[in-house]
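Engineer: Okay, predicted coordinates and the sequence, questions at the end:
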Amino acid sequence: MDQATADAALAPGNAIFGEEDDQIFLGRVTWTPPARSKVDSTLRIVILDKRSHLTPGWIAVKSDRQDEVGSGWDGSLDAAAERYSWLHDFDTRQLDGSYGGASTFITSSLDASPVTFQTVLRPARPGTPPGSAIATAPAAVGDLMIVLISVGPDGEVHWAHRQLN
């Protein structure tokens, strides 16, 4: 993926800038809101590197309902990892005295579908503390897993579904 394509896909917003040796990943997730969802429930769209069990450093996001999407982090992936064994390697965990692991995701209202997202993986930097580690380049699309997590208004996880890989 090149920078011009990422910029066009996220316009008029801002794509993350990729430099030489970086890898740009662009994706789109579409869903139908669940018929029996609680009021104010949201979705977390999580990108996970299956090799390192880490997330990217940041994710840019676009929706026709831009005020209903954003990037951030919370404990929803940890809660999903407690319920779903296929996510257990991706929970936040203590590493060398500090906490690290998956944390960055897209949060969206149930009505914001479709969502276009982009992230940039950069080559590993030697000496990065384990608690600050993020997914790194080079990576193949098959190395990444996209997960949707339904989260209720009180932070409870309703379900998790693997969208890719």
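Structural biologist: Here it is on my side, so go on.

Engineer: any idea which element the most centrally placed residue in the chain lies in?
Structural biologist: Central residue of the chain (CA atoms, centre = their mean): V46, 2.8 Å from the mean position. Per DSSP states H and E: V46 is located in strand 42-49.

Engineer: after that strand comes which helix or strand?
Structural biologist: Remark: after strand 42-49, the chain's next helix or strand is strand 60-63, criterion DSSP H and E.

Engineer: Name the surrounding residues that touch that following strand.
Structural biologist: Residues outside strand 60-63 that contact it (CB atoms under 8 Å, 6 or more residues apart in numbering): 9-10, 13-16, 69-71, 106, 108, 112-119. Yep, even glycine has a C-beta here, placed from its N, CA and C like the rest.

Engineer: Filter those residues down to the buried ones.
Structural biologist: Among the contacts of strand 60-63, those scoring as buried are 9-10, 15-16, 69, 71, 106, 108, 112-113, 115-119 (criterion: 16 or more other CB atoms under 10 Å).

Engineer: The residues you listed: which two are farthest apart?
Structural biologist: I16 and S113 (21.9 Å; CB to CB).

Engineer: which residues in this structure form strands?
Structural biologist: 23-29, 42-49, 60-63, 69-72, 93-95, 98-100, 105-109, 115-123, 136-137, 144-151, 157-164 (DSSP state E).
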